[in-house]
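Peer 1: please work out how this folds:
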Amino acid sequence: MSWILLVLAGLLEVVWAVGLKYSHGFTRLTPSLVTVVAMLGSFWLLATALKTIPLGTGYAVWVGIGAVGTALLGMLVFKEPATTARLLCIGLIVAGIAGLKLTST
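Peer 2: Got it, this is the predicted structure:
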């Protein structure tokens with residue numbers, strides 16, 4: 001169950017990271033509220049998951065999900081470059097996340 005909470009926390013991290021872009025520096029009310037709620041939810045889920053998942057593993061997986069998801073949405077939604085090098089680096093992050101999950105107890 002902790003791993004499911006951790007994945008949900010990572011997905012909410014993507015929501016709040018993208019929300020920061022849409023909030024325009026917290027000058028737009030609705031995107032700002034979504035961003036803050038997603039931040040709080042993400043932190044709460046992370047804290048709950050870390051009750052049983054090792055800190056280093058949990059935090060790295062959380063950040064990795066957020067980084068990969070945000071980078072991919074940046075390419076899809078904001079038309080950021082999807083170069084081979086960027087996609088390879090994203091693949092390395094995914095491999096690292098998988099490795100941490102596979103080697104965790």
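Peer 1: tell me which element the most centrally placed residue in the chain falls in.
Peer 2: The geometric centre of the chain, computed from its C-alpha atoms, lies nearest to residue 66 (C-alpha atoms, centre = their mean), at 1.6 Å. Using DSSP states H and E, residue 66 sits within helix 55-77.
Peer 1: hey, C-alpha coordinates of that helix in CSV?
Peer 2: Once side chains and other backbone atoms are set aside, the C-alpha atoms of helix 55-77 remain, and they are given as CSV (Å, rounded to 0.1, in the frame of the first residue of the first chain):
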residue,chain,number,x,y,z
LEU,A,55,13.7,7.5,3.3
GLY,A,56,16.3,7.6,0.6
THR,A,57,14.4,5.3,-1.7
GLY,A,58,11.0,6.9,-1.1
TYR,A,59,12.3,10.5,-1.7
ALA,A,60,14.3,9.5,-4.8
VAL,A,61,11.3,7.7,-6.3
TRP,A,62,9.0,10.6,-5.5
VAL,A,63,11.4,13.1,-7.1
GLY,A,64,11.9,10.8,-10.0
ILE,A,65,8.2,10.4,-10.8
GLY,A,66,7.8,14.2,-10.5
ALA,A,67,10.8,14.9,-12.7
VAL,A,68,9.9,12.4,-15.4
GLY,A,69,6.2,13.3,-15.4
THR,A,70,6.9,17.0,-15.5
ALA,A,71,9.5,16.6,-18.3
LEU,A,72,7.1,14.6,-20.4
LEU,A,73,4.2,17.0,-19.9
GLY,A,74,6.6,19.8,-20.8
MET,A,75,7.2,18.2,-24.1
LEU,A,76,3.6,17.3,-24.7
VAL,A,77,1.8,20.3,-23.4
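Peer 1: got the contact list for it?
Peer 2: Contacts with helix 55-77, where a contact means C-beta atoms under 8 Å, 6 or more residues apart in numbering, come from 6-7, 9-11, 13-14, 17-18, 42, 46, 49-50, 53, 80-82, 86, 90, 93-94, 96-97, 100-101, 104. For every residue, glycine as well, the C-beta is placed using N, CA and C.
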